[in-house]
Each structure stands twice: as C-alpha cells, then as structure tokens.
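A.B. asks: sequence plus the predicted model coming up.
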Amino acid sequence: MAQSAPSSSNTRPPERPDSAWAAGGTMFAGVLLLVDGILDIFKGIAGIASDDVYERITDYTFKFDVTAWGWIHLILGVVLFFVGLGILRGAGWARGVGVGLAALNIIANFIWLPYQPVWAIVSIAIDTFVIWALCTDRSKPVL
C-alpha cells in the first residue's frame, strides 16, 4: 500500500509574491523613488540658490540654515534617484536601501514641514507607500 503525504492547499511556493499589488507595487515604488528624488533635488537646488525661496521660521526647534537644508535635500534626492533606478533594474540591494532611505526621507521631510508643508506631506506619503511596497513584496530575497 502506497500512502502519499497529505498536501496542504494553503501553502504557496516561496518565490511567488503574496499579492499582485505588492509585486506591481515594487515597480511603482521604484518609479516613486525616482520622482521623490527629483522633487528633493529641486527642493535642494531652490534652497541652495536663494535663502528667500523658503519662509524663515523663527521659533522652530530644528532650525537650520536654509542652505544647509538645501544640501540635505539635494544629497538625499540624488541618492533616492539612483536607488529608484536600482529597484527598477531589479537589484537586490536596492530594496533594503530603498526602505532605509525612504524612512530617512520621511524624517527629513517631517522636520522640513514648517518650510514647505504641502510638498513635505506629499513626500511623506510617497515614502510611506514606498516602504509598504518594498516590505510586502516577497518575490525575491532582500539581500
């Protein structure tokens, strides 16, 4: 008598993504990182070019010179752009780095909120989706 092991119909192969939303979301997250990087580059250039572009905040705990904020956004923007390209190319390192940089960008934009509230909230929303999309796609190992 040959007996077969009971099969579980609830298991999925490990290489299959949990949902099509997450798998498609990873590609969209790469595009959003590119867009977020470009937005940060523009914010950085505007801050470096002229201190008068952004409103002066007098009683703010995290007060930096606007030029310093410009350099922070410019550097973050360039790195986000290239990590977004890495995600679109399917580089395994880019997913983990993308999550970390998106979290760092959320913190930077939260601190930047008094200077440009609308654009800071847009960037925070983009980065939140990027983190969700990169963390829920299990089609490839992260590292």
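C.D. replies: Looks like it came in fine.
A.B. asks: mean confidence for the helix ranked longest in the chain?
C.D. replies: The residue-count maximum for a helix in the chain (DSSP state H) belongs to helix 20-49. In this model, helix 20-49 has an average pLDDT of 85.
A.B. asks: ok, then the element right after it?
C.D. replies: Downstream of helix 20-49, the first helix or strand assigned by DSSP states H and E is helix 66-89.
A.B. asks: check which helices and strands the next helix or strand after that following helix sits against.
C.D. replies: The helix or strand immediately downstream of helix 66-89 is helix 92-112, counting by DSSP H and E. Contacts defined by 3 or more Cβ pairs under 8 Å, 6 or more residues apart in numbering; DSSP states H and E place helix 92-112 against helix 20-49, helix 66-89, helix 117-136. Where you see a C-beta, it was placed from the backbone N, CA and C, and this is true even at glycine.
A.B. asks: among the ones you listed, which comes closest to Ala108?
C.D. replies: Ala108 lies closest to helix 66-89 among these, at 6.2 Å (Cβ to Cβ).
A.B. asks: what's the angle from that closest one to helix 20-49?
C.D. replies: 150 degrees (axes from the mean of the first three to the mean of the last three Cα atoms, to 10 degrees).
A.B. asks: next, the buried residues of helix 66-89.
C.D. replies: 66, 69-70, 72-74, 76-77, 79-84, 86-88 (16 or more other Cβ atoms under 10 Å).
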